[in-house]
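[1] for reference, the sequence and a predicted model appear below.
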Amino acid sequence: MRIGMEGGKTFEIELEPGAALRERLGEEIIGQKHTCGGHGRCGSCVALIECGLEELQPPSEAESRILRILKASPGHRLICQAKAKN
């Protein structure tokens, strides 16, 4: 899976089934603060999933709401909420 972050950072990662992106891309790697503490309320960890979006579970209603508020384009997800399919 390839994840592109705002500012041009790109990461290639593999996820175990059910694993959250935030567990693989910790704050020290993505260099972002989770203002809401990783609860999917602030949108500070939004990222473009450039490859492998189909490997993730669909966004929850809470994540979808934040993505709508942010007017995020397709392929964007919240790192703190996105999880690999089981």
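    Done, it's in.
[2] residue 50 belongs to a strand?
    Yes - under DSSP: H, G, I helix; E, B strand; the rest coil, residue 50 sits within a strand.
[3] next up, the contacts around it.
    Counting by Cβ atoms under 8 Å, 6 or more residues apart in numbering, residue 50 makes contact with 2-4, 10, 75. C-betas here are computed from N, CA, C, even on glycine.
[4] and for residue 45, the neighbour number?
    Using other Cβ atoms under 10 Å, residue 45 is surrounded by 24 other residues.
[5] I'd say it and residue 78 touch.
    Yes - look at residue 45 against residue 78 with Cβ atoms under 8 Å: they come within range, at 5.5 Å.
[6] which stretches in this structure count as helices?
    21-24, 27-30, 61-69 (DSSP state H).
[7] which strands and helices lie in contact with the last one?
    Read that as helix 61-69. On a contact count with 3 or more Cβ pairs under 8 Å, 6 or more residues apart in numbering; DSSP states H and E, helix 61-69 meets strand 76-78.
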